[in-house]
Structures are given as C-alpha cells and as structure tokens.
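>>> Compute the structure for the input listed below.
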Amino acid sequence: MNEPVTANVPIQHEKKVPTKSAVWLSLADCMCGLLCSAAEGSVLTYFFVYHLGLKWGWASIVWLIFGIWNAINDPIYGFIADRTKSKLGRRIPWIRYGAPIYAAVFILMWIKFPAMAGNQGFLFAQMLVTLFFFDILYTAIASAIYVMPYEMAVTNKARSPIFVWKIVFSLISTGLPMVFNGMLSDLLNPEKTANGYTIFMWTMVGVGIVAGLIIFFSTFFYKENGYVKDEPQPKFWAGLKACLKNKAFLLFEVISITVIFAQSNLMLGLTAAWPMWGDEAGWFGSGLSQYICLGAMVLGAVAGLLLFIKERDKWGAKVCAIVMCAAMGLGCFFGAFLGRYFWVLAFSFLLVGVGFAGGMYIVPVINGDVIDKDEIDNGSRREGTYAGVNSLITKPFMSIAQVTYMAILEGGFGLTHSDDSQGQPVYDWAGQSATVKNGFFIAWFLIAGILLALSAVAMYFFPLHGKKWLDEKAALAKVHADKEAAYEQEVLKKQAEASSQSK
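Numbering: from 1, shown residues only. So this is what the prediction gives:
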C-alpha cells in the first residue's frame, strides 16, 4: 500500500476526453438514471397500487418476477454487447437506437385506460410487460453508457472529467425523484389536486421525451475506438470464468456490493427519518435540523470529491478507496451508536458525504483498472461482460438492504405498524417506543459500517497499485493508440479503394 504510485506516463499516448464528450455522456447517464428511478422505484408501485387500484399482492408478484429476470439479463446483455459489430462501434448503437424506444416504453407505463379501471389481470399485465421491456432497454443503454469512459480513454486522469461531470448531474437524477416522490400523494389525490392525473401524465411524457432526445443526441458527441469491435472475444462461459478468476475483480466486488448496499440502506433510513424531524415525532429536534444534516452531507461530498481529485495520482485509486471506506464507515458507526445525539448525527452525515463522493468517483476509477487488467492479461476488452457480471452480483444487495433494514427494526427492536386498505404497511413513527428509536439508528447505519470496514480490508490487498501498474497502463495506452491508428489507416485505404472502383 505504501509503494509510491508516481510514474512517468508517456503523455503522448494519453487519449484526452474532450469536455463536450464528458458533459454529453454524463448528461445521458443522468437522464437514463432519472427515468429508471421512477420506473423501477417507488413511483411505479404507488401509481399502480394507489391510483389505478392494483392489489398489493399482484404488484408484489410483478416485482418478484422482475427480480428474477433482472438478475440474469445483465450478463447476457454484456456478452452480446461485447460482440456487437457496427460502424458506430459496440456501445453507441445500443444508446442511439435504444433511446427513442426507451422513452416510448417509459411513457406507456403511466397511461391509464379508463375501460380497464379495477381490472386486476389487465393492470398486472400492463405493469409487468412495460416494466419488463423498460428494463431490457435500460440495461442495454445504461450499461453501454456506464462502460463508455473505459472505451474512450485508458488513464484515470483522462477518464476523470467524465466521472466528475457524472457526479454533478447526479444531483438532478437523485434530487428530482426525492422531491417528486414527496408530491406524489397529493398530486394523484383528486380531492387535493384537480386534474392531478393529467398533470402527472404530461409531466411523465415531458420527462420521457426530453430524456430520450438527450440520450439520442448525446451519441453524436463521443465515439469509441473503432478497432475494438473486430477483436476476438471468448465464449460466454470462458469469459465468465475469466472474470471470476480475476483477483482484482473479486476484491472490487467487495467494495461494489458495499456501495450498493450502503446507498440503498442510507436512502431507506433517510426516507423514514424525514417525517421524524418534525415537532410531532421529535426524534431529531425540529426546525432546520434535517437541512443541517443534509447540508453536512453535501459539504462532505464536495470536500471528498476535491480531496480525491487532488490526491488521485499521488495516492492512487487504491489508497483513495481505503480513505473513502474509512471515512464513511466511521460516520456509519457514529450514526449507529450515537446518532440520537443531533450534532453527532450531523458529523456522521459529513463523513458519509465523503464516502458518497468516493462511491461516485473512485469506485468507477477502480472498475476501469480492473477492466484494463483483464485486457492486459487476455488481449481483448470486455467492458460489457464485466458490467453484466458486476450487476448480477451486486443488484440483489439492493433488495437485501431493504430486507435487513426492516428485519432489524421489526424483528430485533419491535417496530409496529398498521395496514391500509391496500395491505400496505403504515408506520406511526411518533408512537414508537424508545427501544425502536434506538434500534432505528442500528438498522440505518450498522451493517453499512461493517461492510465498509470489510471493504477497507479488501482494498488493502487490491493488486493494481504502484509504479509497475502505472507503467502497464501507459503501455496499454500506447497499444490502444497504435491499434486505433492502424484501424483508421485501414478504413481510409478501403474508402480509397471503393472510390477508385466506383470511378
């Protein structure tokens, strides 16, 4: 870990990413995530259950079927995408031509058919089919966007602007859904909002169209290496085996799982904590206390991002990841055991913000190193396969976070609830016992803190670090530059031959 990481990387082989390419790719990623947060989040369930009248049991079956499909489609798509052959490359065709269909399916999800009001079979089919096709397109587009930085450049310095712009635009894809979710119950209640569904529907139509257009037009501002699509790829099982034999990838999965779990768990707790900040519940005081905590998290995220950008080349991604895990893990342990004290909780949010910045910036950097190592060892780039296998491993932990969170609260500390007319649990947080209130912080922070501690240990053994690794990256950058130059020469030669034959 203490090995110096500075190396003389040949700048002439470093492929720089234009600012407009970084901005457009990051904006496309933001729009893709914005649609997904509604379609695969709480908005879809709320719309079908509370507005259209689908019974909660049928909605649960939809999500069960979807969960099974969601676990297997990512590696299948990754395998197919790595073998895509097109003049545009392996990734851009999925993004460009998938965007209009992606937006159209998103809009179809929110259409209310008056003649089918209360028809459980139809509503079940509508929710299942639209969710199924939406996720197919989301997987294709989001995975392609996710791996594009690794197609566009090799060095972490060159990839860095893309990750920074992604963090900037994540404020939109994260913040807007949180605000919109808070408005949903009033908006879709005809007693509170006249023509609420019409407003809701046209909002979704507008968001879908804007997002689809941005994703589509973004593809004209970045490009892939042309030679990659012609390189041989291993068969499915051989490629999967190579992923699982990659030590760096397995250690990366520890931190990848932790980030998915921690973000899901912390968001669950934050959503539940919001009403508790009021005078009635009195868990955290009142007034502006919730905004102080959120402000502390934003401050921590900004400070963490500036720190990691400044020290990335000096420390290396490995050390940055350990610092990230240590800061966020410490914040989680403070929150778990001392979170009932407001200013300790605010300090916890500050440290969690540092970890959030690392999760958005350092984790993708490490992922790129893992893929680069695979190419060095096996001779071909397989970003799609790695993205698919990563999703297969990590996605279940989004559900595990929800299960463990409620299991700790209800099974361990006696959280009670009542059921509404749809069978959906309703929690009276103000009426819970002191034991539940203390247990809430354990459920909110403790497991995430433990996983972050384990991730710090895993990253200590991460092998892609030091001068030797940077020299390998420099050599890989030269290989890419040479291959792309040879490919472009071959393209020009073929164009010249075709032109001479036409004459």
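
>>> where does A104 sit relative to F216, distance-wise?
12 Å (C-beta to C-beta, to the nearest Å). C-betas here are computed from N, CA, C, even on glycine.

>>> so what sits against both of the two?
The contact sets of A104 and F216 do not overlap (C-beta atoms under 8 Å, 6 or more residues apart in numbering).

>>> Would you mind measuring from Q126 to P93?
Separation of Q126 from P93 (C-beta to C-beta) stands at 29 Å.

>>> Of the two, give the one with the bigger neighbour count.
Between Q126 and P93, counting by other C-beta atoms under 10 Å, Q126 is the more crowded of the two (21 against 18).

>>> Could you pull up the contacting residues of the more buried one?
48, 113, 116.

>>> For ChimeraX, write the selection for the buried entries among these.
To isolate in ChimeraX the members of those that are buried, counting by 16 or more other C-beta atoms under 10 Å, one can use:
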select :48
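
>>> contacts for stretch 163-178?
With C-beta under 8 Å, 6+ apart, stretch 163-178 has contacts from 22-23, 25-27, 29-31, 33-34, 37-38, 41, 43, 149, 301, 305, 309, 357, 360-361, 364-365.

>>> Where helices are concerned, which of these count?
Residues of those located in helices (DSSP state H): 22-23, 25-27, 29-31, 33-34, 37-38, 43, 149, 301, 305, 309, 357, 360-361, 364-365.

>>> just to revisit the earlier point, A104 and F216: who's more crowded?
More crowded of A104 and F216, by other C-beta under 10 Å: F216, with 19 against 15.

>>> State the distance from the more buried one to F440.
44 Å.

>>> repeat for D369
On the measure of C-beta to C-beta, D369 and F440 end up 38 Å apart.

>>> try L213
43 Å.

>>> returning to what we had before: need the contacts of Q126 in a markdown table with pLDDT, can you?
What follows is the contacts of Q126, written out as a markdown table (pLDDT from 0 to 100):
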| residue | pLDDT |
| --- | --- |
| F48 | 88 |
| F113 | 88 |
| M116 | 79 |
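
>>> still on that earlier bit, and L213 and F440? Which one has more around it.
For L213 versus F440, neighbours defined as other C-beta under 10 Å are more numerous around F440 (24 against 14).

>>> tell me the pLDDT at the more buried one?
Predicted confidence (pLDDT) at F440: the value is 85.

>>> Please identify the buried residues of the host helix or strand of it?
Per DSSP states H and E, F440 falls inside helix 434-441. For helix 434-441, burial by neighbour count (16+ other C-beta under 10 Å) applies to 436-437, 439-441.

>>> same check, this time on stretch 184-191
Buried residues in stretch 184-191 (16+ other C-beta under 10 Å): 184, 187-188.

>>> Which one of the contacts of Q126 is nearest to F180?
Nearest to F180 among the contacts of Q126, counting by C-beta to C-beta, is F48 at 16.4 Å.

>>> residue ranges for the strands of the stretch 401-503 of the chain, please.
418-419, 425-426 (DSSP state E, counting those that start in this stretch).

>>> Select from these the stretch with the lowest mean pLDDT.
Mean pLDDT, when computed for each of the strands of the stretch 401-503 of the chain, is lowest for strand 425-426, at a mean of 60.

>>> do you know how far the residue nearest to T193 when sequence neighbours are not counted is from L123?
Closest residue in space to T193, ignoring its immediate chain neighbours: L187 at 5.3 Å, by C-beta to C-beta, 6 or more residues apart in numbering. From L187 across to L123, the span is 20 Å (C-beta to C-beta).

>>> ditto for P364
Distance from P364 to L123, by C-beta to C-beta: 38 Å.

>>> Please identify the buried residues of the helix or strand that contains L345?
When secondary structure is defined by DSSP H and E, L345 falls within helix 342-378. In terms of neighbour count (16+ other C-beta under 10 Å), helix 342-378 has its buried residues at 345-375.

>>> same deal with stretch 454-474?
454-456, 458-459, 462, 464-466, 469-470, 472-474.

>>> Which of those residues fall in helices?
454-456, 458-459, 469-470, 472-474.

>>> Identify the residues contacting Y197.
51, 112, 188, 190 are the contacts of Y197 under C-beta under 8 Å, 6+ apart.

>>> and those residues as JSON lines, adding distance to T394, secondary structure and pLDDT?
Below are the contacts of Y197 laid out as JSON lines (distance: C-beta to C-beta, whole Å; DSSP: H, G, I helix; E, B strand; the rest coil; pLDDT from 0 to 100):
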{"residue": "H51", "distance to T394": "32", "secondary structure": "helix", "pLDDT": "83"}
{"residue": "K112", "distance to T394": "34", "secondary structure": "coil", "pLDDT": "90"}
{"residue": "L188", "distance to T394": "32", "secondary structure": "coil", "pLDDT": "77"}
{"residue": "P190", "distance to T394": "40", "secondary structure": "coil", "pLDDT": "75"}
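
>>> Those: which two are farthest apart?
K112 and P190 (12.5 Å).

>>> what's the next secondary structure element after the helix holding L345?
Helix 342-378 is succeeded, C-terminally, by helix 383-394 (DSSP H and E).

>>> And the contacts of that next one?
By C-beta under 8 Å, 6+ apart, the surrounding residues in contact with helix 383-394 are 71-72, 74-82, 90-91, 139, 143-144, 146-147, 150-151, 239-240, 243-244, 249, 253, 256-257, 260, 367, 370-371, 374.

>>> If we use 6 Å, what do you get?
Residues from elsewhere that reach helix 383-394, judged by C-beta atoms under 6 Å, 6 or more residues apart in numbering: 74-75, 77-79, 81-82, 143, 146-147, 150, 239, 243, 253, 256-257, 260, 371.

>>> same deal with stretch 335-342?
Residues contacting stretch 335-342 (C-beta under 6 Å, 6+ apart): 284-285, 344-345, 348, 441-442, 445-446, 449.

>>> Using CSV, lay out those together with distance to T416.
Supplementary listing: the contacts of stretch 335-342 in CSV, determined by distance: C-beta to C-beta, whole Å:
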residue, distance to T416
F284, 20
G285, 24
V344, 27
L345, 24
S348, 26
F441, 18
I442, 17
F445, 22
L446, 21
G449, 26
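
>>> Among those residues, which has the minimum pLDDT value?
In terms of pLDDT, the lowest of the contacts of stretch 335-342 is G285, showing 55.

>>> With distance to F132 as extra columns, can I get the buried residues of helix 434-441 in CSV?
Below are those laid out as CSV (distance: C-beta to C-beta, whole Å):
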residue, distance to F132
V436, 38
K437, 41
G439, 37
F440, 36
F441, 38
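
>>> That concludes my questions; thank you for your assistance.
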